[in-house]
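Trainee: Provided below are the primary sequence and the corresponding predicted coordinates.
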Amino acid sequence: MAQDKTSDPRQSSGNKLSVLRKHPIFADLEPDALDQLCRYAKHTTVKRGATIAAKGDPGNNLFAVVSGTVKISSSSPDGRNAILNLIGPGEIFGEIAVLDGAPRSADATANTNCELYIIDRRDFLPFVKSQPELAMKFIELLCGRLRWTSQQVEQVILQNLPGRLASALLGLTEERKLDSGSGTLAITQQEISEMVGMTRESINKQLRAWAARSWVRLEHGAIVVLDIDALRELAESGLEGG
């Protein structure tokens, strides 16, 4: 992990327990199991832009996001980037390499200042084997991410560019449980372009057309979805919408 981070081994066990108890993955653990997890979890803060894990690294740690957003991405030898996912509070990442023992499959970068809990693989594997309910949560998590990956492949192959952009905005909105106009997606147009495989210029042109129709509102470093139904209809139909 990059050096511009800080660990706080003195963080109170009570505060750590409170945070982990609210985390969706760990919330249903019995008190004794939660206490044990607290002993394993190390608290860390990471500055925006710092590398948390690099593709090809050993999968030695599982990461739970407490606050902030982590970008999961991959890059080509010629410098092109693809954002595979954005991981927010209440989510985990790094589970694939931790579970199968293979190297990291992508880069993980702090997209904002982040607060994380890190659990060592040597502690986590015996722990999850002793907690069948937690093992089931990870099976559900992996199934969900496989479904999401299948949807991404389907969108790239079958949808036109406006449809892919609409699907991406809808996915981000649903992940953050936002309703029309009730919140902003803190994402840049460059990041959206790397998510859907379009140029930034194409993204900007399409978003401006949708802004003129009051489907979205563009803000500095953010997009507000105003008409979810219009974007959903476009994503499902694949029509141009431009």
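Mentor: Received it, and whenever you're ready, just let me know what you need.
Trainee: could you point out where the chain is predicted with low confidence?
Mentor: Counting by pLDDT under 70, the ranges of the chain that qualify are 1-14, 176-183, 238-242.
Trainee: switch to 50 and redo it
Mentor: Filtered on pLDDT under 50, the chain yields the residue ranges 2-6, 9-10, 179-181, 239-242.
Trainee: all strands for it, in order.
Mentor: Using DSSP state E, the strands of the chain run over 5-7, 42-46, 51-53, 61-67, 70-75, 81-87, 92-93, 107-110, 114-120, 216-219, 222-225.
Trainee: Which one of the ones you listed lies nearest to Leu158?
Mentor: Closest of the strands of the chain to Leu158 is strand 81-87, at 18.3 Å (criterion: Cβ to Cβ). All C-beta atoms are positioned from the backbone trio N, CA, C, and that covers glycine.
Trainee: Quickly note the distance from Asn160 to Gln206.
Mentor: In this view, Asn160 and Gln206 are 11 Å apart by Cβ to Cβ, to the nearest Å.
Trainee: Tell me which of the two has more neighbours.
Mentor: Taking neighbours as other Cβ atoms under 10 Å, Asn160 and Gln206 compare with Gln206 leading, 22 against 16.
Trainee: ok so, going back, can you redo the strands of the chain as CSV, where the extra columns are distance to Pro31 and mean neighbour count?
Mentor: Shown next, in CSV, are the strands of the chain (distance: least, Cβ to Cβ, whole Å; neighbours: other Cβ atoms under 10 Å):
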stretch, distance to Pro31, mean neighbour count
strand 5-7, 26, 13
strand 42-46, 20, 19
strand 51-53, 30, 21
strand 61-67, 18, 21
strand 70-75, 29, 20
strand 81-87, 27, 19
strand 92-93, 21, 22
strand 107-110, 31, 22
strand 114-120, 18, 20
strand 216-219, 44, 16
strand 222-225, 40, 19
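Trainee: and the closest residue to Thr199 other than its chain neighbours, how many neighbours does it have?
Mentor: Of all residues not flanking Thr199 in the chain, Ser193 sits nearest, at 6.1 Å (Cβ to Cβ, 6 or more residues apart in numbering). When neighbours are counted by other Cβ under 10 Å, Ser193 registers 21.
Trainee: hang on, Ser193 packs against Arg200?
Mentor: Yes: between Ser193 and Arg200 there is a contact at 4.6 Å, judged by Cβ atoms under 8 Å.
Trainee: Go ahead and flag the most central residue of the protein.
Mentor: Most central in the chain under Cα atoms, centre = their mean is Ile87, positioned 1.7 Å from the mean C-alpha point.
Trainee: need the contact list for the residue nearest to Thr199.
Mentor: Ser193 makes contact with Thr199, Arg200, Ser202, Ile203, according to Cβ atoms under 8 Å, 6 or more residues apart in numbering.
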